[in-house]
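Trainee: Please find the sequence and the predicted model below.
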Amino acid sequence: MTGATEAERRRVLVVVLSDLDADDVRKKLEAPPGEELEVRVVAPMWEISRLDRLTGDDTAERERAQERAGDAAEAARPVARAVGAGPGDADVLTAVEDELRTFEADEILVLVSPRDRERMADGDERTLERFGPPVSYSIIG
């Protein structure tokens, strides 16, 4: 997957809000023949407790988020050139905004379990649209 022109390249910011199955990630990222994918995965630390947030003790949630991001990036490797993965801010919108500062995405793909989908605020969904790239949601698991 080298030598693709800009027209053949798609840059996808993958927002991971839940533990994922590797096959689900690959299926969601499959590209048509001749298209090269560049992927940046961010896993917001959105499960951090209010107390841990107030005390600044985010170590456990940061490790969980790093693991979710790493697992998703590893799952994407067979179908995409993963350009990076890591934990993001506890606020989903801030995590996405932070990533878009350094990764110019053509689209944003939010991967979430049915349980976590219910936890997402409707406002978060609508507000993600303000960043520009089209946003799609995929319920997995």
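Mentor: Perfect, I can see it now.

Trainee: Stretch 66-80: which residues count as buried?
Mentor: Applying a neighbour-count criterion of 16 or more other CB atoms under 10 Å, one finds Arg68, Ala69, Gly70, Asp71, Ala72, Ala73, Ala75, Ala76, Val79, Ala80 buried in stretch 66-80. Where you see a C-beta, it was placed from the backbone N, CA and C, and this is true even at glycine.

Trainee: From the chain's centroid, how far away is stretch 8-17?
Mentor: Stretch 8-17 sits 7 Å away from the centroid of its parent chain (CA atoms, centre = their mean, to the nearest Å).

Trainee: any idea of the mean pLDDT for that stretch?
Mentor: Across stretch 8-17, pLDDT averages out at 91.

Trainee: hmm, back to that, export the buried residues of stretch 66-80 to a markdown table and append columns for distance to Tyr137 and secondary structure.
Mentor: What follows is the buried residues of stretch 66-80, written out as a markdown table (distance: CB to CB, whole Å; DSSP: H, G, I helix; E, B strand; the rest coil):
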| residue | distance to Tyr137 | secondary structure |
| --- | --- | --- |
| Arg68 | 17 | helix |
| Ala69 | 18 | helix |
| Gly70 | 22 | helix |
| Asp71 | 19 | helix |
| Ala72 | 15 | helix |
| Ala73 | 19 | helix |
| Ala75 | 18 | helix |
| Ala76 | 17 | helix |
| Val79 | 19 | coil |
| Ala80 | 19 | coil |
